[in-house]
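**Student:** Need a 3D model of the following:
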Amino acid sequence: MKIALDAMSGDYAPIATIRGAIEALNENEKMEIVLVGKNEIIKEELKKYKYDETRLEIKVADEVIEMTDDPIKAIKDKKNSSMNVCLDLVKDGIAKASVSCGNTGALLATSQLKLKRIKGVLRPAIAVPFPNKKGNTLFLDLGANADTKPEYLAQFAVMGSKYMEILSSMKNPKVALLNIGEEETKGNELTREAFELLKKEKNINFVGNIESTKIMDGDVDVVVTDGFTGNILLKTSEGVGKFIFHIIKESIMENFISKIAALILKKNFKKVKEKVDASEYGGAIFLGLNGLSIKAHGSSDYRAVKNALKVAAKFIDANFVEELRKTMEV
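**Tutor:** Now for the predicted structure:
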């Protein structure tokens, strides 16, 4: 189970990426990691850790695609970037998956260029599991396609449904379309046309429209939308989560009694944090490609990197790409 990790990308690279890699390696005996990036920097950082050296190697890449780089220009001008080299390793069959905290636009473009779409897939989608009251709801697209057609949404529903069947062993997952109301006639031209296509799609269990306030109730398993709306929803939910924890922390520090109460409830707070903290979910897959490309948040700390590597390992174990290909190529 060899995974290529872009060691140089992300706000806290290479410190967070390398620590995350070591922790993932120590928690999963089957995992092997290729750290891709600047040789001397990686070697110096590795001196801090003890690890199984037979399961970790370095692949040199002297360039880095920055968050501020133009995606298309960057993949052309920086051919020896850590991101490019990671995906080359997957394309060439040396690694089973690539994980990067880098520039989303560049990663998506490079992933499509090198791995290609599965035959029959119109557009890839970014898919992320959202926590809900009963478990998780898969949400897509979260940013790969700002401009979307109804047929793309219908296909996202098929791919998302298959994701839940494979990764969560879920039979006949319930699929919903994000909209401003539950009624069939609600929404804009895109959602109304997509609704009609989803009703006719035989490969999914379509249950209708869903409002954003209902997503975390856990009554549906897959929610589809366009990438523009999905990305806004993702970032808004992350911001709300951080705000709530900020308010709780402020309240706890108000007086001695609240501090004592917080100590008593420490385990409970930890459970809540694990449920809603984005870093616990690791990374998002570019769904629909002929290879595994996992996007971790640009601000990922070492825990998020570790969890992104664990996500990649789950997809490898499930033989995900091959299973999805059986559905999409029919």
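
**Student:** Point out where this structure drops to low pLDDT.
**Tutor:** Across the chain, the ranges flagged by pLDDT under 70 are 269, 272-282, 330.

**Student:** a helix runs through residue 93, doesn't it?
**Tutor:** No: per DSSP: H, G, I helix; E, B strand; the rest coil, residue 93 lies outside any helix segment and is coil.

**Student:** and the gap between it and residue 290?
**Tutor:** From residue 93 across to residue 290, the span is 11 Å (CB to CB, to the nearest Å). C-beta: built from backbone N, CA, C; applies to glycine.

**Student:** What are the contacting residues of the strand or helix carrying residue 311?
**Tutor:** Here residue 311, judged by DSSP states H and E, is contained in helix 302-317. Helix 302-317 is contacted from outside by 1, 3, 5, 10, 12, 15-17, 19-21, 23-24, 27-28, 30-31, 33, 96-99, 101, 167, 278-283, 285, 292, 294, 296-297, 300, 321, using CB atoms under 8 Å, 6 or more residues apart in numbering.

**Student:** ok, 6 Å please
**Tutor:** With contacts defined as CB atoms under 6 Å, 6 or more residues apart in numbering, helix 302-317 is touched by 1, 3, 16-17, 19-20, 23-24, 28, 31, 96-97, 99, 279, 282-283, 292, 294, 296.

**Student:** In helices, which of these fall?
**Tutor:** Among the contacts of helix 302-317, the members falling in helices (DSSP state H) are 16, 17, 19, 20, 23, 24.

**Student:** Buried ones in the top helix by length along the chain, by neighbour count?
**Tutor:** For the chain, the longest helix by residue count, based on DSSP H, is helix 227-252. By neighbour count on 16 or more other CB atoms under 10 Å, the buried set for helix 227-252 is 227, 229, 230, 231, 233, 234, 237, 241, 252.

**Student:** and of those, the nearest to residue 127?
**Tutor:** residue 230 (9.7 Å; CB to CB).

**Student:** which residue sits closest to the closest one in space, ignoring its chain neighbours?
**Tutor:** residue 142 (4.2 Å; CB to CB, 6 or more residues apart in numbering).

**Student:** Which parts of the stretch 1-150 of the chain are helices?
**Tutor:** With DSSP state H, counting those that start in this stretch as the criterion, the stretch 1-150 of the chain has helices at 15-27, 39-46, 71-77, 82-91, 104-115, 150-167.

**Student:** Next, the angle helix 15-27 makes with the second one.
**Tutor:** Comparing the axes of helix 39-46 and helix 15-27 via axes from the mean of the first three to the mean of the last three CA atoms, to 10 degrees yields an angle of 60 degrees.
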